[in-house]
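> Sequence and predicted structure, then a few things I'm wondering about:
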Amino acid sequence: MRRRIGENRHRNHGASLLEVVIAIFVLAVAGVSLLKTLTVATQSTFTASLGSAALYRCQEKIEEVLADSYQQIDEERYPPELDLTLDTRGTLTTEDDVLFNRVVTIADESADERSLKRVTVWVMYFFAGETATEELSTVVAKASR
């Protein structure tokens, strides 16, 4: 038997139903993976911005302490600040705000004839049911005359 030229021409046009189903499945798996990756990346970025904002609050308090004289630097002067809000997205609503606490500790680290105090500020913030902490320290020396 001989086949005529062009007899099978119409059999290979387009994709079969099985090929279409497999292609849709592959695209769906890739799409879900991509969305999961974007979600994790967004969460990581937000967490990093919370850490930066907490460090800013530490720096803010250290600058307040450094504005005082050496004799005024005492733990009782800087009581713990509890349940403060951290505006994470710069919005007017409070729905995206995060609660934080700020604590200052001052330790006398005088040695020999040098008068030194270590000032440490901790900011603890609460997000997604977890607590995270950022810490910043500096040493203050008594001015010599």
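Thanks, I have the structure now.
> Over to Val123. Which of the three states is it?
Following DSSP: H, G, I helix; E, B strand; the rest coil, the label given to Val123 is strand.
> Check the burial of it by counting its neighbours.
Val123 has 27 neighbours, counted by other CB atoms under 10 Å. Quick note: C-beta positions are derived from backbone N, CA and C, even for glycine.
> So the closest residue to it other than its chain neighbours: helix, strand or coil?
In this structure, Val123 finds its nearest non-sequential neighbour in Ala54, 4.2 Å apart by CB to CB, 6 or more residues apart in numbering. Classification of Ala54 using three-state DSSP returns helix.
> now Ala107
Judged by three-state DSSP, the three-state class of Ala107 is strand.
> That one and Ala30: what is the separation?
Applying CB to CB, to the nearest Å, the value for Ala107 to Ala30 is 55 Å.
> still on that earlier bit, from what I can see the residue nearest to Val123 touches Glu135, true?
No. Using CB atoms under 8 Å, Ala54 makes no contact with Glu135, being 9.3 Å away.
> okay, and the common contacts of the two?
Residues touching both Ala54 and Glu135 (CB atoms under 8 Å, 6 or more residues apart in numbering) are Val123.
> More neighbours: which of those two?
Using other CB under 10 Å as the criterion, Ala54 and Glu135 rank with Ala54 on top: 24 against 14.
> Just the strands from the chain, written as ranges.
For the chain, the strands defined by DSSP state E cover 81-86, 98-108, 116-127, 130-141.
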